[in-house]
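Asks: give me a model of this one.
(4 chains)
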Amino acid sequence: MEDIRISDMMVVSLARLLKNKENAFHGVASIMPMVAIMLSRKVHNKELTYLNITGGVNIEDAELTISTDGNNLFQSSKSVVKLTDIFDLSARNKLDIAFLSCSQVDQYGNINNSVIGNYHNPKVRLPGGAGSAVLLPTAKEAIVWKSKHDTRSFVENVDFITAKGNVSYVVTPKCIFKRVDGKLKLYELYPFETLDSIIENTSFSIDHEGFSVSLPPTGEEMIALNQIDPDRLRDSEL
Amino acid sequence: MEDIRISDMMVVSLARLLKNKENAFHGVASIMPMVAIMLSRKVHNKELTYLNITGGVNIEDAELTISTDGNNLFQSSKSVVKLTDIFDLSARNKLDIAFLSCSQVDQYGNINNSVIGNYHNPKVRLPGGAGSAVLLPTAKEAIVWKSKHDTRSFVENVDFITAKGNVSYVVTPKCIFKRVDGKLKLYELYPFETLDSIIENTSFSIDHEGFSVSLPPTGEEMIALNQIDPDRLRDSEL
Amino acid sequence: MDKIRDINEVIEMMKSNDIIAFGGNVLHRSPIQVAYHIANSNIKDLHIVKTAMAMEIDILALSKSVKKVSAGFISYEGEFGLCNNYRKAVQDGEIQVQEHACYSVIAALRAAIYGIPFMPIRGLLGSDLVHTMDYKTVADPYTGEEIVAIQAIVPDWGIIHVQKADRFGNCEIIGPMYEDDIVCRAAKNTIITCEEIVGDEYFKDKKADISEVFVKYVVELPKGASPGYCPGYYGLDKEKINSFKNKGTLK
Amino acid sequence: MDKIRDINEVIEMMKSNDIIAFGGNVLHRSPIQVAYHIANSNIKDLHIVKTAMAMEIDILALSKSVKKVSAGFISYEGEFGLCNNYRKAVQDGEIQVQEHACYSVIAALRAAIYGIPFMPIRGLLGSDLVHTMDYKTVADPYTGEEIVAIQAIVPDWGIIHVQKADRFGNCEIIGPMYEDDIVCRAAKNTIITCEEIVGDEYFKDKKADISEVFVKYVVELPKGASPGYCPGYYGLDKEKINSFKNKGTLK
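Replies: Got it, this is the predicted structure:
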């Protein structure tokens, strides 16, 4: 237990949210969700269908790389479900979980991955939301993860709403927010964190009524995690 | 030359129309176009791309059957161009030739394969136009073949316009009509036919100015035809 | 996760008034034996969808199981002629025909796949089908151009016969795929019938032609496409087709 | 019928203001070497289209060859960070961003494939992209429901790098296909670059992943996806990417 890092807590938190779900998808630049889905399939939900951009379905024993859209996530697949298929699945309301990240997230769970500043004259041009503008409204749930928790990332209102929709949880290096009645609410605090630190590092005011403290990663979860990701790529996002 | 039948003349006529074309498609129940495309690829236009419902592209040396949408027209293909692809190609104006048949054709080249009589209370319910309602307007050219030439098939106005569009030629057991300024005109008379027989067996009045007499199948054409279709399936439609 | 069912179990799940899309094409790898099973059940008033079909609808017309058909082409090929049970049922007003071009069936199923209410489609203009079938047009919001719009058809069931499938629903199709890739995605639930169920290792070295993701149930049903063709397994059984056409018995 | 061309011949056919869609995804089997060739040509004011890309656009932004980008995601993954040449060009107002969700790029290309002016699409509602990018809505003519409509993008060129191709344009892709099946169909003309040209018999026993029907020209261009990944041939050349990012030279 002494060697548990924030990345472990984040990945385990993401994985646990997949417990009763049928399928889950992650896109590019999504190390944590990739590891989390693999972890969930080993420990929490062996029948979870794992989808990714490459077309791979339920791939097993992949050698992980820093990229989350390569052939390593495709070659052992028994069939092909292309990215177009995944968007289509979501569009017809058959995608359970989409994982998405962003530069900013606001109190409503809206996300921004487009620009900082004015859209047409931006201070920073961001990468764009990838699938988020479509997946947030169409997936049954969108889980947002954000590898920084500070007042610049967790804002009252995002500079630009790249995507808005069915965000269910936001997982950060400090806690898990749950979206209740359209607003983010503190759901779980990581065991090594304080409520004050959350309040201090979040620009919007936090409803923290009834939050709980996360169960630290179990031994079973940590063993599986280290089997899946022995090189600790999950640290790379932090 | 003594053993040339009407079916040979029809297939050769269809094949010759493919001379400067890039690609050609036939659907189900299309023995004559199937043999004609194969003949053209052997004799008139070796670079013609041959497409059919099965997804097969430029298949060679197929053993023919009475069905024109089976695995025999697919298995030797190097790639797959599905029926959906073929319709899409046509929709974006990249299909040169679509072959279609029908129960009735009228003086404008409109075709009917839906009903004889009133649509909602039909005397005869016909099979339906398959792809024709889409292919006639979108293919660069639609070539219609009709294995009967009588006044019930060649009518002034069809009972129901299943499809209307870019019909270029209509090939019959007696002649070839060409569509000029929106009306069918006698283009070629088969060598064993008379103009009187055409007039007698056609319900609409025929513009026959400047028609020519078809060149009978050449020796080269007949040799290729008998290689492609040794069992004379091409007779089956007549 | 185990999706294997008995044929009677899946037939029991179907209800009157359901929309059923069949895979295959005319007499090729078409789920003809499932049609017999439905014909011998109490399921009625079905809406049957397929680009080009023959024997399934001819069986289901004989058993009076069909209320509506959406298709582009309904006939046997060659010597077997027209689908006479179907034809008679339409002429007698028993079956309502939503006549399509094959491509508009595809468009209707694509709309289902994409979760959209309609698909714009090229073609059809000039055809009497447009007004007779009440296909509507829509104006392109960018240019104002009017284009035909085909309404989505979301089948309750997609029924596809394949050569091999594993217990998860991964399928191998020998020979042409036809519109099966579209049918399995468009339907709310897809049932695979197969000649053989293969082991879990079968798709280790080659990718399946249909993914388990698009499959709800797997039924082992040898000779499921008979008397039609099933590449790699059997060819046409002409005698049986002629016997059905002449005697009109439901197996 | 022989479609083989030299890389310089195909680059010469491209013109300023053309719309180019690239195949591959981010650093996987992306036609990065073609991007270098274009960057070193006189072709300017390109409109570049891809769901998710990185190095091609970063190269073409550096050479000031781009007027407009339609994409869902533009960034490297992991250690390589953002596409800084692209980012700077946008911030300086040199490149116009038509920001998409990856799915709306797919919808725009699907519209091109289907020959229709627009595609209805689920999602996007609630996003500021709808009004900022002027994505219009359309009313379903059957139910009146309003849905977002994405205008067709018809690329002048689709450029796809594959492992193997024959002289007719039949291609083998090792590993993920990404959106290459869509790009090759949507474009007016598709150029295949490949690691190897194979003989006419190569596709006798296995069907090609891309058909010759969708291919205009074939260019042998070994290492065409380098410094990105090309499964079966080479992995990432991190040093070259870092060198490009740091020194900013066009090869």
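Asks: residues from chain C in reach of chain D?
Replies: Counting by CB under 8 Å from any CB of the partner chain, chain C comes close to chain D at C:114-122, C:136-143, C:145, C:147, C:149, C:151. All C-beta spots, glycine's among them, are computed from the backbone N, C-alpha and C.
Asks: does stretch C:230-247 reach chain B?
Replies: Yes: Stretch C:230-247 comes into contact with chain B (CB under 8 Å from any CB), by way of C:231, C:236.
Asks: what's the first-to-last distance across that stretch?
Replies: Terminal residues of stretch C:230-247 lie 24 Å apart, using CA to CA, to the nearest Å.
Asks: report the distance from that stretch to the chain centre.
Replies: Here the centre of stretch C:230-247 is set off from its chain's centre by 19 Å, with CA atoms, centre = their mean, to the nearest Å.
Asks: re earlier: and the residues of chain C next to chain D, which of them are in strands?
Replies: Using DSSP state E, the members of those that fall in strands are C:118, C:119, C:120, C:121, C:136, C:137, C:138, C:139, C:147, C:149, C:151.
Asks: can you list the residues of chain A near chain C?
Replies: Neighbours of chain C within chain A, by CB under 8 Å from any CB: A:23, A:47, A:49, A:51, A:57, A:76-81, A:85, A:88-89, A:91-93, A:138.
Asks: the helices in chain C, which residues?
Replies: Along chain C, the segments classed as helices by DSSP state H run C:7-13, C:32-39, C:55-62, C:84-91, C:102-113, C:129-132, C:180-186, C:238-247.
Asks: pick the most buried one from those.
Replies: The highest average neighbour count among the helices of chain C, using mean count of other CB atoms under 10 Å in any protein chain shown, belongs to helix C:102-113 at a mean of 27.
Asks: mind listing what's buried along stretch A:225-236?
Replies: Within stretch A:225-236, the residues scored as buried using 16 or more other CB atoms under 10 Å in any protein chain shown are A:225, A:228, A:229, A:233, A:234.
Asks: just the buried subset of the residues of chain A next to chain C, please.
Replies: Buried residues within the residues of chain A next to chain C, counting neighbours by 16+ other CB under 10 Å: A:23, A:49, A:51, A:57, A:77-81, A:85, A:88-89, A:91-92, A:138.
Asks: of all the helices of chain C, which one is nearest chain A?
Replies: Of all the helices of chain C, helix C:102-113 sits nearest to chain A, with 5.2 Å by CB to the nearest CB.
Asks: interface residues of the stretch 1-150 of chain C facing chain A?
Replies: So far as CB under 8 Å from any CB goes, the stretch 1-150 of chain C lies against chain A at C:1, C:112, C:113, C:114, C:115, C:116.
Asks: so can I have JSON lines of those showing pLDDT?
Replies: Below are the residues of the stretch 1-150 of chain C next to chain A laid out as JSON lines (pLDDT from 0 to 100):
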{"residue": "C:1", "pLDDT": "61"}
{"residue": "C:112", "pLDDT": "98"}
{"residue": "C:113", "pLDDT": "98"}
{"residue": "C:114", "pLDDT": "98"}
{"residue": "C:115", "pLDDT": "98"}
{"residue": "C:116", "pLDDT": "98"}
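Asks: and those, which is closest to chain B?
Replies: Set against chain B, the nearest of the residues of the stretch 1-150 of chain C next to chain A by CB to the nearest CB is residue C:113 (11.4 Å).
Asks: in contact with the residue nearest to that closest one when sequence neighbours are not counted, which residues?
Replies: Among residues not flanking residue C:113 along the chain, residue C:185 sits closest, at 4.6 Å (CB to CB, 6 or more residues apart in numbering or on different chains). Going by CB atoms under 8 Å, 6 or more residues apart in numbering or on different chains, residue C:185 touches A:85, A:88, C:109, C:112, C:113, C:214.
Asks: ok, the third one touching residue C:51?
Replies: No: distance between residue C:109 and residue C:51: 9.0 Å, which falls outside the contact criterion (CB atoms under 8 Å).
Asks: who does residue A:125 bridge with?
Replies: Per DSSP bridges, residues listed as beta-bridge partners of residue A:125: residue A:115.
Asks: per-residue pLDDT, it?
Replies: Residue A:125 is assigned a predicted lDDT (pLDDT) of 96.
Asks: would you check that it makes contact with residue D:87?
Replies: Yes: look at residue A:125 against residue D:87 with CB under 8 Å: they come within range, at 4.7 Å.
Asks: for the buried residues of stretch A:225-236, work out which two are farthest apart.
Replies: Farthest-apart pair in those is A:225 and A:233; separation 11.2 Å (CB to CB).
Asks: shared neighbours, those two?
Replies: Common neighbours of residue A:225 and residue A:233 (criterion: CB under 8 Å, 6+ apart): residue A:35.
Asks: for chain A, longest helix please?
Replies: From DSSP H, the single longest helix across chain A is helix A:31-43.
Asks: how far does it sit from the chain's center?
Replies: Taking CA atoms, centre = their mean, one finds the center of helix A:31-43 at 11 Å from the center of the full chain.
Asks: quick check: what element follows that helix along the chain?
Replies: Downstream of helix A:31-43, the first helix or strand assigned by DSSP states H and E is strand A:49-52.
Asks: residues in contact with that next one?
Replies: With contact meaning CB under 8 Å, 6+ apart, strand A:49-52 is reached by A:22-27, A:34, A:37-38, A:41, A:56-59, A:68-69, A:73, A:81, A:86, A:89, A:95, C:212-213.
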